[in-house]
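Undergrad: quick one, fold the following:
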Amino acid sequence: MRTNWWLLGSPASSSTSKQTVFDPRTHSSASHAHGSLRKDIYEQALMNGSHPVVKRSIPNAPKNSSPLAGVPANMAESFVMLSDSVILRTPQPIVGESMQNGGLATTPSGITPEDSLSHKMQTSRRLFDVLSARSDIDYPICMECTELLVEGLQKRLGEATKSRDGYQQFLKKLQAEIPTDAEAAKVEEDLEKVRQEKDAALLELEDLEREKAQIEAEIAEAEEESKRLEAEEEEFWQERNLFSQQLEEFQNERDSINLRFDHDTKQLDKLHRTNVYNDTFCIGHDGFFGTINGLRLGKLPSQPVEWAEINAAWGQTLLLLHTVADKLGFVFENYKLKPMGSTSKIEKMEPRQMDTTSSRIGAALGAVSRSDVRVQTLELFSSGTIPMGHLFAHRKFDGAMVAFLDCIKQLGEFVARADPTAVLPYTIVKDKIGDVSIRLTFNQDEPWTRACKYTLTCAKFLLAYASNQGLARRLQQQQQQQQQQSQTR
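TA: Numbering: from 1, shown residues only. A predicted model of the protein is given here:
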């Protein structure tokens, strides 16, 4: 069983109207007028309706339906609540399909199909279906929903009215602000100026764009040039780093060579300044004594010196004289030195005495054989013991010392002939040097010690001369080498 409710009229009228049960048999004229009004609303809704939010399908009414097809089986349950305003309306005739056919069809009871309840309910249902299809709300609706809907529509109406009033005021303002002909002409003139400025700006923009394109091309070219320069710079720095490394290695090698050269130069200068003779034969003094290599030569009563030290000192002195003579290329006449340490000796060579005939023959032949020379060995050392009754115990020792003075004299004369400025510091005459005898026999210790000291002084002079000669010879050789190198260059 289905009960159909629908509400008509405004909320104000519905709230004050009286609810009445509609009976189609007693209100046929009112129903006819109400059906005509509903049809007009339906047609207007079809013309002005918008697309529905929810699409609904509306079934078409069957063509050959009976007037009571939509009437429920129980008529007592089919009733509609209408307001007083709807009931009191003046009925309007509704033109239906029967009128198009030339007249109104009537039922046997005298009621037309348009006035039948089923037709009205069917029409209402179709109208509600159309409304429901074009809205989000399903029709029919109750009174409360109608009130809410009307309230919302009234709010929308008020807002629309306000919007309309605003548009009207704006329209009036625009109509009031319509410019005059002079203002329009001025506006046209300004517009023309703006157009000209726009054209000029466009031309300037085109020029700027061309200039921009040219600048971009230059920038691209500059970037390529920059990349090329960066590559060249990288290559340059690589070469520079390699060169710096090689230069550093060369400088290190040069510094090393310079250091070695400086060291070798200093060593050479040191060697040049070094006198091997002075280092080998260091002659000095120790108080009243003359010393050679720390050995005292001589003796004093207050300072006795052992004969072993004296003999060693004479051996060093003889070695010095032999070395200097060999350095200067001098050969002693009638003497041959035998440096043998503490037992050094001097060989004295004297010709033998021959008769007059033999001497003449030898002179004619111009040669003297070895057997014609007598060799006397002089010992330049002493044991220091003097036996009783032997006053001439030091005869050989004295002869060796006198022979030593004679050798010094010969070498001194040889040096003086080579360099007249090189003269011995003490004069030697036979067995005396500086007026002091070198003999130990019949002599006191103090004069003999002084004579030994003078002898060492003369030996040191000859040693210094030989050293200077060697240095001068080396300097001369260096000068000659430098001259040869300069000539070669």
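
Undergrad: please make it C-alpha for all contacts and neighbour counts, starting now.
TA: Noted.

Undergrad: helices of the stretch 251-400 of the chain, start to end?
TA: Ranges of helices in the stretch 251-400 of the chain, per DSSP state H, counting those that start in this stretch, are 276-280, 307-328, 356-365, 395-418.

Undergrad: where does pLDDT dip in the stretch 301-450 of the chain?
TA: Residues of the stretch 301-450 of the chain that meet the criterion pLDDT under 70 lie in 353-371, 385-393.

Undergrad: gap between Gln196 and Ala182?
TA: Per CA to CA, to the nearest Å, Gln196 is found 21 Å from Ala182.

Undergrad: so if I had to pick from those two, which one is more boxed in?
TA: Applying other CA atoms under 10 Å to Gln196 and Ala182 shows that Gln196 carries more neighbours, namely 12 against 9.

Undergrad: can you tell me the helix or strand for the more buried one?
TA: Assigned by DSSP states H and E, Gln196 falls within helix 181-273.

Undergrad: mean confidence for that helix?
TA: Looking at helix 181-273 alone, the average pLDDT works out to 93.

Undergrad: also stretch 147-154?
TA: What stretch 147-154 shows for mean pLDDT is 89.

Undergrad: surely Ser342 meets Glu379?
TA: No. With contact defined as CA atoms under 8 Å, Ser342 does not count as touching Glu379 (10.0 Å).

Undergrad: ok, back up a step: out of the helices of the stretch 251-400 of the chain, which gets nearest to Ser163?
TA: Set against Ser163 and scored by CA to CA, these come closest in helix 276-280, at 132.7 Å.

Undergrad: dump the closest one to CSV, restricted to CA.
TA: In CSV, the C-alpha atoms belonging to helix 276-280 read as follows (Å, rounded to 0.1, in the frame of the first residue of the first chain):
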residue,chain,number,x,y,z
VAL,A,276,154.5,18.8,4.7
TYR,A,277,158.1,19.6,5.7
ASN,A,278,157.0,21.7,8.6
ASP,A,279,154.5,19.0,9.7
THR,A,280,157.2,16.3,9.3
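
Undergrad: okay, buried residues for that helix please.
TA: Tyr277 (16 or more other CA atoms under 10 Å).

Undergrad: now do that helix: everything it contacts.
TA: With CA atoms under 8 Å, 6 or more residues apart in numbering as the test, helix 276-280 has contacts from 293, 463-464, 467.

Undergrad: quick one: which of these sit in helices?
TA: Among the contacts of helix 276-280, the members found in helices (DSSP state H) are 463-464, 467.

Undergrad: out of these, grab the one that's most surrounded.
TA: Within the ones in helices among the contacts of helix 276-280, neighbour counts (other CA under 10 Å) peak at Leu463, which reaches 23 neighbours.

Undergrad: relative to Lys432, how far out is that one?
TA: Leu463 sits at a distance of 21 Å from Lys432 (criterion: CA to CA).

Undergrad: repeat for Ala182
TA: Applying CA to CA, the value for Ala182 to Lys432 is 156 Å.

Undergrad: what do you get for Gly294?
TA: Computed as CA to CA, the Gly294 to Lys432 distance reads 25 Å.

Undergrad: how about Lys212?
TA: Counting by CA to CA, the gap from Lys212 to Lys432 is 119 Å.

Undergrad: looking at these two, which one has more neighbours?
TA: More neighbours surround Lys432 than the other of Lys212 and Lys432, with 17 against 13 (other CA under 10 Å).

Undergrad: not counting residues beside it along the chain, what's closest to the more buried one?
TA: Spatially, and ignoring its direct neighbours in sequence, Lys432 is nearest to Ile438 (5.9 Å; CA to CA, 6 or more residues apart in numbering).

Undergrad: isn't that neighbour right up against Asp431?
TA: Yes. Ile438 lies in contact with Asp431 (CA under 8 Å); the separation is 5.8 Å.

Undergrad: what do these two both touch?
TA: Common contacts of Ile438 and Asp431 (CA under 8 Å, 6+ apart): Val402.

Undergrad: quick one, which of these two is more surrounded?
TA: Counting neighbours by other CA under 10 Å for Ile438 and for Asp431 shows that Ile438 has the greater number, 26 against 19.

Undergrad: give the contact list for the more buried one.
TA: Applying CA under 8 Å, 6+ apart, we find Ile438 in contact with 398, 401-402, 431-432, 448, 451-452.

Undergrad: would you convert those residues into CSV that also reports distance to Thr317?
TA: CSV is the format used below for those (distance: CA to CA, whole Å):
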residue, distance to Thr317
Asp398, 16
Met401, 11
Val402, 14
Asp431, 17
Lys432, 18
Trp448, 16
Ala451, 14
Cys452, 10
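
Undergrad: any idea which of those is closest to Lys155?
TA: The closest of these to Lys155 turns out to be Cys452 (CA to CA; 155.6 Å).

Undergrad: which secondary structure elements does the helix or strand where that closest one lies contact?
TA: Element membership for Cys452, per DSSP H and E: helix 445-488. Counting contacts by 3 or more CA pairs under 8 Å, 6 or more residues apart in numbering; DSSP states H and E, helix 445-488 is packed against helix 276-280, strand 283-286, strand 289-292, strand 295-297, helix 307-328, helix 395-418, strand 432-433, strand 436-437.

Undergrad: which of those sits closest to Ile346?
TA: Proximity to Ile346 (CA to CA) singles out helix 395-418 among the helices and strands packed on helix 445-488, at 6.4 Å.

Undergrad: right, and the helix or strand after that closest one?
TA: Criterion used, DSSP H and E; the element after helix 395-418 is strand 428-429.

Undergrad: count the neighbours of Glu347 for me.
TA: If you count neighbours by other CA under 10 Å, Glu347 ends up with 18.

Undergrad: if I look at the nearest residue to it once chain neighbours are set aside, how far off is Arg395?
TA: Excluding its sequence neighbours, the residue lying closest to Glu347 (CA to CA, 6+ apart) is Thr377, at 4.5 Å. Applying CA to CA, the value for Thr377 to Arg395 is 12 Å.

Undergrad: which of those two has more neighbours?
TA: Neighbours were counted for Thr377 and for Arg395 using other CA under 10 Å; Thr377 has more, 18 against 15.

Undergrad: residues in contact with the more buried one?
TA: Going by CA under 8 Å, 6+ apart, Thr377 touches 345-348.

Undergrad: burial of the nearest residue to Leu328 once chain neighbours are set aside, as a residue count?
TA: The shortest distance from Leu328 to any non-neighbouring residue, by CA to CA, 6+ apart, is to Ala466 (6.7 Å). If you count neighbours by other CA under 10 Å, Ala466 ends up with 20.

Undergrad: if I pick Phe397, what's in contact with it?
TA: 378-382 are the contacts of Phe397 under CA under 8 Å, 6+ apart.

Undergrad: go again using 6 Å as the cut-off
TA: 379-380 (CA atoms under 6 Å, 6 or more residues apart in numbering).

Undergrad: same thing with Gln245?
TA: So Gln245 contacts nothing (CA under 6 Å, 6+ apart).

Undergrad: measure it to Arg254 for me?
TA: According to CA to CA, Gln245 and Arg254 sit 14 Å apart.
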